[in-house]
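Q: Pasting the sequence and the predicted coordinates here, then a few questions.
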Amino acid sequence: MSHEIIEFNGTRYAEIIWASARVEKTRFFSPAESSFQFGLLAHEAGYQELPHFHQEFERTVRDLQQMFVVQRGVVGVQLFDDEGALIREVILNPGDAIVLIQGAHAIRVIEDMQCISVKQGPFMGDAFDKVAVEVKQ
């Protein structure tokens, strides 16, 4: 499996691109209307993209999605529903990538890790941006 969508009760909580993923041509896995696009770029040797920029227009983003790619180590990503119940834990290894879309999440470092992390800004600081969730047993 190269790509996985994690859904619970009809809600998409996360998308994963496993390090083993291979595509013949560029493919995005996120729905076109998603505020965060997640996919793989793929081209044959010799491909040359023309210089370009992305047209500016005002966007309204109400959700904050976060994506990270494991560079080294092993990390468990725990996904929780809106009531704090654990849906699933996903174990990621170097090269694996995940986008966190809905619900609460936590990480559990299994082996010393380093990840590239990307999320929409601006960042207003932990006190504003992070909301603690009481986990149900």
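A: That came in fine, so what should we check first? Numbers count the residues shown, from 1 in each chain.
Q: For the chain, which residues score under the pLDDT cut-off?
A: Counting by pLDDT under 70, the chain contains low-confidence ranges at 1.
Q: now the strands: where do they sit in it?
A: 3-8, 11-17, 27-28, 39-40, 66-80, 86-92, 97-100, 104-119 (DSSP state E).
Q: So which of these is nearest Q48?
A: strand 39-40 (18.9 Å; C-beta to C-beta). C-beta coordinates here come from the backbone N, C-alpha and C atoms, glycine included.
Q: Could you report the neighbour count for I101?
A: I101 has 25 neighbours, counted by other C-beta atoms under 10 Å.
Q: So it sits against R12, correct?
A: Yes - using C-beta atoms under 8 Å, I101 is in contact with R12, at 5.4 Å.
Q: so H43 makes contact with T26?
A: Yes - using C-beta under 8 Å, H43 is in contact with T26, at 7.1 Å.
Q: Contacts only, for the residue minimising distance to the centre of the chain.
A: Centroid-nearest residue in the chain: V99, 0.9 Å away (criterion: C-alpha atoms, centre = their mean). Taking C-beta atoms under 8 Å, 6 or more residues apart in numbering, we find V99 in contact with A14, E15, S30, F36, F38, Q65, Q66, M67.
Q: Please give me every residue in contact with the first one.
A: A14 makes contact with I5, I6, V77, L79, V90, I98, V99, L100, I101, Q102, H105 under the criterion C-beta under 8 Å, 6+ apart.
Q: was I right about the last one contacting V75?
A: Right, the one you point to is H105. No - contact criterion C-beta under 8 Å: H105 and V75 do not qualify, at 11.3 Å.
Q: okay, these two: which has more neighbours?
A: Taking neighbours as other C-beta under 10 Å, H105 and V75 compare with V75 leading, 21 against 18.
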